[in-house]
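> Please find the sequence and the predicted model below.
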Amino acid sequence: KQDTKEKDGTYGNMEASLTARDRVGIQDFVLLDAYTSESAFLDNLRKRFHENLIYTYIGTLLVSVNPYKELDIYSKKQMDTYMGVNFFELPPHIYALADNVFRTMQSEFNNHFILISGESGAGKTEASKKILQFYAVSCPSTKLLNNVRDRLLLSNPVLEAFGNAKTLKNDNSSRFGKYMDIQFDHQGGAVGGHILSYLLEKSRVVHQNHGERNFHIFYQLVEGGEEDLLRWLGLERNCQHYSYLVQGGCAKVSSINDKSDWRMVQKALSVIEFNESDIEHLFGIIASVLHLGNIKFVADVRGYASLNNNQEMHWVSKLLGIPAQVLQQGLTHRKIEAKAEEVFSPFSVDHAVYARDALAKAIYGRTFNWLVNKINESLANKDSSRKTVIGLLDIYGFEVFNVNSFEQFCINYCNEKLQQLFIQLTLKSEQEEYEMEGIEWEPVPYFNNKIICDLVEEKHRGIISLLDEECLRPGEATDLTLLEKMEETIGGHPHFVTHKLADQKTRKTLERGDFRLLHYAGEVTYCVVGFLDKNNDLLYRNGKEVMRQSKNAIIKHCFPSTEPDSKRRPETVVTQFKSSLVGLTEILMSKEPWYVRCIKPNEAKQPGRFDDVLVRHQVKYLGLMEHLRVRRAGFAYRRKYDIFLQRYKPLCPDTWPNWKGTAAEGVRCLIKHLGYKPDEYKMGRSKIFIRHPRTLFATEDAFQVCKHKLATRIQAKYKGYRVKGDYQKQRDAATKIENCWRGIMARKEREKRAWAVKVIKKFIKGFITRNQPACNDNSEYLAYVRQNYLTRLRENLPKTVLEKDSWLTPPPIMKEASQLLKKLYIRHMVGKYVQGITPQRKAQVQSTFLSAEDINIKVLQMIQHEHIKYSVPVVKYDRNGFRPRLRQLIFTQEAAYLVEEAKIKQRIDYISLKGVSVSNLSDNFLILHVTCDDIKQKGDLVLQCDYLFEALTKLSVIANKQNYIKVVQGSVRFDIQPGREGFVDFKSGQESMVYRAKNGHLMVVSVKIIKGSC
């Protein structure tokens, strides 16, 4: 059976973490070199604990150290990671164990159990919850299966509320043993479950040690119950008012939220299908126990017990549905049958208190059993087809307190039996594997605790038999008579000692009422006081009769009238416990075992603190070293040939990269190359067995070195392959893109050409029909012509008024528009020029005109009859030599006169005026061209006038010669006299000057003006 668990998967891929062993320790103690050293064991455990690695393997056994803090290792993502993975492939985890159990169960179709053990506070209950949660997520899901899953999960908070309590060592300590079967169908779906409970600590109901609490449910009801519910139950929201809740002195604990837990319990009860009547009766019983604890007795005059508080009796009577008189008699009297008569014997106060507490314990204990049965009904699978089962055994670990009583004796006896079973099953599985592989089995030395089990349970001579005999024998049996009987019967046993039997040194450590047992886990001293009472756990017969009269449905079920009312004493507690252990052992022996050993790192529940002494003690009594020695007896490591060869074949040239023969031959070739010595290994039928971890570590270290070299080569090849693949993909993609792009561009080019043909065609048609009226054929062409002309015109506009004749020649279609634009533009320039004249400038211009007073009187007399219109001073340049002479230019209605003081030098009739030439520069020159037919006549006048624009304007208006003014560029020809001509050359320069050039021309140089000025 171990083939799936350990043979196929054992040490699966544990090698993956061997390289980190120095920092975080070894994840499987089987590979610990010094496996017999407790110190090495603890050192490895400590290393891992401080790295928050709380799980470690011993083969398939899981060691769990409580971290006392939240770790992010239980998420849904973590569950998914561990699902379906080889047991040792990932770091140790409780999910790995749960998954391996589940997969083994499915593949082999057989039953398994997981034994979770450890002392109080080590994390057993949490481990059990984590396994349940894993199965809830990993199992197939349907509406029906989800319903079963929810009930399985929510059974935990209910059982914790009624069966867990705060102890000195743990705030949520399970005070009963629990075995839960989870039933799976052939597809792996959770279809049902069943719970068995063992040895509920009923004495806690009536008594708690200092620093401890009663069961959680009492505090949850008082603190979290609704006001109406408390009023109906007769309770107050104050735990201090109830005797059974205050004995430990810690009703409130900071780590426990009773109100929140109460809400969870209510939700769980509804999911598990408790009806309202069941819930009402259940909490009525819990409240009745609290009221029962508050009933006080006082002695009457005869010394008999009588009630001191009728109010509490009223509430117990009401909640249990028992008449108050009947209840009172049951608590204060004992029924004695003598022959045919029944006699009621009154109790003393002490007996009445005992009877009250016994009744409270009986009520709570039987109600707890009813609760477990009710949950089982809810979890029951109605389908009768065969199911496979995984059992979860969450049971108290070995307990050693300062004062150990009857409960510790039973618990430690249970652990002895489980240790015996544990060693037997482990040795059996090891031996079966060796035999299956044909390896010689070497006997394993180990401590066989059968001697201790016999000391406790042997018929007639064991402690249990002696305890029962003392409980049942007539006469005054006491705890001390029990001790004497044990000394007499088993006094010579090497594992038993008392104060009387001990040597002088040991006697100092024992009280007279103590006995000491040497368990497999160490010595435990038990105080015999209370053994007989706790073992008897008697409920007086009339107490049962009183309960049978109850109208509470649960109480009627717990105390049935059909219960045999034999006069024989019922079985003692320890005998019942022994029988239940036998039944449990039979259940476990029929299933395949898996183990979780929980360890508490310190007593203070502090994270990060590792108490070596405490942990060493737990390692010892959990039998971890014993288990490790069994696992390491012979060979520490075993592995299937094909898996071993697959991992380590790179270490041998003959096996790398591919081995052609069988896996066994390949492994033989490999280990020969590695130089294994004959005593370091054995070759089985399907596996190689390696004796020492150091051999494996040396192989693994060599593999790590080799792996890096191989990884580099593989990486290079792979990178080359990837790059080549990427290049080919990119090349193909580029080709596709190129083809697509070329297609797009070709289509665009075709569209462009088609458009161009259309445009050119339209342009040619438009050009041909340009002189025709506007139509579809020429509309675009004419629009183009208009736009083109306007664009050119904008760039070639005249810069001054004098350049108005340089207006761009328009096409025929634009002639009319061009004339309008020319007029508008010239008007615009003139307006702009006029607007630019300042008042000062205007006055200055006006002051330049010569008035009648400025003209010589003789000249004025000669031309007065012609009406003088305008006169201005000018410089006249001689026709020969170009000497400058100051003159006056006078415009009359009929002619222009050039005057020198009193002489008229030349008269020019407007009729004989052929034209006026001016340059396009700022030289202020004007040439008056006159008709010269006679040689005696004077020729053209070359003048320079500072007020050229005004003079020209007056001349054009008076003489009506607007179109005679010509703006020239470069040079002007003029007539000196008929047949003889002269030239005036114009150019721009840095300085204004007028002189006769060498070529005989008059050279006029003017300063260049800024473009755009008028």
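Sure thing, it's come through.

> Isn't Val191 up against Arg149?
No: Val191 lies out of contact with Arg149 (Cβ atoms under 8 Å); the separation is 9.9 Å. The C-beta positions use only the backbone N, C-alpha and C, and glycine is treated the same way.

> what packs against the one helix or strand Trp232 maps to?
According to DSSP states H and E, Trp232 maps onto helix 227-233. With contacts defined as 3 or more Cβ pairs under 8 Å, 6 or more residues apart in numbering; DSSP states H and E, helix 227-233 has these neighbours: helix 276-293.

> just for the stretch 651-800 of the chain, where's the confidence low?
By pLDDT under 70, the low-scoring segments of the stretch 651-800 of the chain are 693.

> just the helices in the stretch 751-900 of the chain please.
Counting by DSSP state H, counting those that start in this stretch, one finds helices in the stretch 751-900 of the chain at the ranges 779-795, 815-835, 839-848, 857-863.

> And for the stretch 401-550 of the chain?
406-437, 450-457, 463-472, 479-490, 504-507, 531-536, 541-548.

> With mean pLDDT and distance to Glu312 as extra columns, can I get these in TSV?
Formatted as TSV, those follow (pLDDT from 0 to 100; distance: least, Cβ to Cβ, whole Å):
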stretch	mean pLDDT	distance to Glu312
helix 406-437	80	28
helix 450-457	89	42
helix 463-472	87	32
helix 479-490	89	32
helix 504-507	87	48
helix 531-536	84	25
helix 541-548	78	16
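
> who wins for proximity to Glu665 among those?
Among the helices of the stretch 401-550 of the chain, helix 406-437 comes nearest to Glu665, with 16.9 Å by Cβ to Cβ.

> just how off-centre is the closest one within its chain?
Remark: helix 406-437 is offset 43 Å from the chain centroid, using Cα atoms, centre = their mean, to the nearest Å.

> Now do it against helix 450-457, angle only.
Computed by axes from the mean of the first three to the mean of the last three Cα atoms, to 10 degrees, the angle separating helix 406-437 from helix 450-457 equals 140 degrees.

> I'd like the helices of the stretch 751-900 of the chain as CSV, with distance to Asp261 and mean neighbour count appended.
Converted to CSV, the helices of the stretch 751-900 of the chain look like this (distance: least, Cβ to Cβ, whole Å; neighbours: other Cβ atoms under 10 Å):
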stretch, distance to Asp261, mean neighbour count
helix 779-795, 92, 14
helix 815-835, 99, 13
helix 839-848, 105, 10
helix 857-863, 135, 15
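
> Ok, which of those helices comes nearest Gly330?
Closest approach to Gly330 among those (Cβ to Cβ): helix 779-795, 122.0 Å.

> and that closest one, what does it pack onto?
If contacts are counted by 3+ Cβ pairs under 8 Å, 6+ apart, helix 779-795 sits against helix 693-768, helix 815-835.

> could you dump the ones you listed to a markdown table with distance to Leu71?
Shown next, in a markdown table, are these (distance: least, Cβ to Cβ, whole Å):
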| stretch | distance to Leu71 |
| --- | --- |
| helix 693-768 | 28 |
| helix 815-835 | 91 |
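
> closest to Tyr520 out of these?
Closest approach to Tyr520 among these is made by helix 693-768 (26.4 Å; Cβ to Cβ).

> quick one, the closest one and helix 779-795 angle?
Going by the same axes, to 10 degrees, helix 693-768 makes 90 degrees with helix 779-795.

> measure the closest residue to Asn209 other than its chain neighbours to His207 for me?
Among residues not flanking Asn209 along the chain, Gly248 sits closest, at 6.4 Å (Cβ to Cβ, 6 or more residues apart in numbering). Separation of Gly248 from His207 (Cβ to Cβ, to the nearest Å) stands at 9 Å.

> now do Gln861
Gln861 is 161 Å from His207, where distance means Cβ to Cβ.

> Then Pro812?
129 Å.

> Could you do Phe703 as well?
For Phe703, the distance to His207 equals 62 Å [Cβ to Cβ].

> Repeat that for Leu467.
Applying Cβ to Cβ to Leu467 and His207 gives a distance of 21 Å.

> what's the neighbour count on Lys660?
7 (other Cβ atoms under 10 Å).

> what's the answer for the one 10 residues further on, then?
Around Leu670 there are 24 other residues, counting by other Cβ under 10 Å.

> which residues does the residue nearest to it when sequence neighbours are not counted contact?
Nearest residue to Leu670, sequence neighbours excluded (Cβ to Cβ, 6+ apart): Cys652, at 4.7 Å. Each residue near Cys652 by Cβ atoms under 8 Å, 6 or more residues apart in numbering is listed here: 669-670, 673-674.

> again, but for Asp171
By Cβ under 8 Å, 6+ apart, Asp171 lies in contact with 253, 255-256.

> tell me the least confident of those residues?
Taken together, the contacts of Asp171 show their lowest pLDDT at Ser255, with 85.

> Who has more neighbours out of Pro812 and His207?
Per other Cβ under 10 Å, whichever of Pro812 and His207 has more neighbours is His207, with 13 against 9.

> Tell me how far the more buried one lies from Ser405.
11 Å.

> Skip the chain neighbours and tell me the closest residue to Ile868.
Using Cβ to Cβ, 6+ apart and skipping the chain neighbours, the partner closest in space to Ile868 is Thr892 (5.4 Å).

> and that neighbour, what does it touch?
By Cβ under 8 Å, 6+ apart, the residues touching Thr892 are 863, 866-869.

> at 6 Å instead, please
863, 866-868 (Cβ atoms under 6 Å, 6 or more residues apart in numbering).

> what's the answer for Phe162, then?
217, 368, 371.

> One more: Val899?
Here Val899 is in contact with 859, 888 (Cβ under 6 Å, 6+ apart).

> Now do it against Lys876, distance only.
According to Cβ to Cβ, Val899 stands 10 Å off from Lys876.

> Any chance of the contacts of Asp171 in JSON lines with secondary structure and neighbour count as columns?
Formatted as JSON lines, the contacts of Asp171 follow (DSSP: H, G, I helix; E, B strand; the rest coil; neighbours: other Cβ atoms under 10 Å):
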{"residue": "Val253", "secondary structure": "coil", "neighbour count": "13"}
{"residue": "Ser255", "secondary structure": "coil", "neighbour count": "8"}
{"residue": "Ile256", "secondary structure": "coil", "neighbour count": "16"}
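
> Might you list the low-confidence residue ranges for the stretch 1-150 of the chain?
For the stretch 1-150 of the chain, the stretches with pLDDT under 70 are 1-23, 142, 144-145.

> coming back round to it: between the contacts of Asp171, which is nearest Gly224?
Of the contacts of Asp171, the one sitting nearest to Gly224 (Cβ to Cβ) turns out to be Ile256, at 11.4 Å.

> how about the closest one, phi and psi?
Backbone geometry at Ile256, expressed as degrees, to the nearest 10, gives phi -120, psi 130.

> Could you report the distance from it to Ala127?
Ile256 is 20 Å from Ala127, where distance means Cβ to Cβ.

> related to what we said a few turns ago, select, out of the helices of the stretch 401-550 of the chain, the one closest to Ala959.
The closest of the helices of the stretch 401-550 of the chain to Ala959 is helix 406-437. By Cβ to Cβ, the value is 140.6 Å.

> Now do the buried residues in the closest one.
Buried residues in helix 406-437, defined by neighbour count with 16 or more other Cβ atoms under 10 Å: 406-423, 425-427, 429-430, 433-434, 437.

> Could you check the pLDDT of Ser1013?
Reported pLDDT for Ser1013: 43.

> what does Ser851 give?
So Ser851 comes in at 59 (pLDDT).

> Tell me the spacing between Ala959 and Ile868.
Taken as Cβ to Cβ, the span from Ala959 to Ile868 is 14 Å.

> who has more neighbours, the two?
Between Ala959 and Ile868, counting by other Cβ under 10 Å, Ala959 is the more crowded of the two (21 against 18).

> Quick check: the residue lying closest to that one once chain neighbours are set aside vs Val148, distance?
Nearest residue to Ala959 in three dimensions, chain neighbours excluded: Tyr910, at 4.0 Å (Cβ to Cβ, 6+ apart). Look at Tyr910 and Val148: by Cβ to Cβ, they are 131 Å apart.
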